[in-house]
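Q: Here is the input, now give the coordinates:
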Amino acid sequence: MLKEILITFFTAMVPVVELRGAIPLGVSLGLSHLGAMVISVVGNLIPVPFIILFIREIFSWIRKHIPKLNNLITKIEDRAHVKSEKVLRLSAMGLLIFVAIPLPGTGAWTGALIAALLNMRLKSAMPAISLGVLVAGVLVTGITFGFVEIFT
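A: Here you go, the predicted model:
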């Protein structure tokens with residue numbers, strides 16, 4: 001069972017896949033719906049503070065030492081800036097809503113990147129992203145397995 005937990009946990013840490021892929025994977029590996037959701041939420045949140053605190057420095061380092069990746073970094077930043085326009089109007093609440101919507105291009109990674117690029121403080125961004133991830137976890141679990149089945 002530890003193997004299944006770790007696979008689910010680390011899958012939730014992967015950008016793009018995040019908990020949208022980790023929850024169904026965890027259940028398919030034999031975890032309960034609630035167990036897969038909790039493990040996925042925790043795994044999805046682990047990278048968030050590091051992204052908020054260090055991504056700008058990481059991007060700067062990459063641009064300096066690996067110039068061939070400059071276009072990729074610029075593309076990532078541009079996508080985050082476009083998505084950040086929606087968040088700007090509502091600040092932390094906008095970030096929560098953005099992260100909570102379980103669609104491609106939203107989620108903890110993009111939310112953390114937006115928070116970093118908007119210079120949001122960790123103490124205001126982290127609770128918003130955490131609650132957004134929790135809401136997304138409930139939505140993904142409910143949509144995937146049925147809301148009635150989750151709570152019975």
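
Q: contacting residues for Ser124?
A: Counting by C-beta atoms under 8 Å, 6 or more residues apart in numbering, Ser124 touches 91-92. In short, each C-beta sits where N, CA and C put it, glycine included.

Q: Can you mark which positions in the strand or helix carrying it are buried?
A: Applying DSSP states H and E as the criterion places Ser124 in helix 122-145. Residues of helix 122-145 classed as buried: 125-126, 128-142, 144-145 (neighbour count, 16 or more other C-beta atoms under 10 Å).

Q: Same check on stretch 79-90?
A: 80, 83-84, 87.

Q: average model confidence for the helix holding Ser124?
A: Here helix 122-145 scores 94 as its mean pLDDT.

Q: Same question for stretch 68-82.
A: 89.

Q: So which residue is smack in the middle of this structure?
A: Ala108 (1.9 Å; C-alpha atoms, centre = their mean).

Q: now for the biggest helix by length in the chain, which elements pack on it?
A: Identified as the longest helix of the chain according to DSSP state H is helix 70-100. If contacts are counted by 3 or more C-beta pairs under 8 Å, 6 or more residues apart in numbering; DSSP states H and E, helix 70-100 sits against helix 48-65, helix 108-117, helix 122-145.

Q: which stretch among those helices comes nearest Val42?
A: helix 122-145 (9.2 Å; C-beta to C-beta).

Q: ok, now how distant is the closest residue in space to Ile114 that isn't next to it in sequence from Gly111?
A: Excluding the flanking residues, the one nearest Ile114 by C-beta to C-beta, 6 or more residues apart in numbering is Ser84, at 4.5 Å. The gap separating Ser84 from Gly111 is 10 Å, by C-beta to C-beta, to the nearest Å.

Q: Sweet, I'm off.
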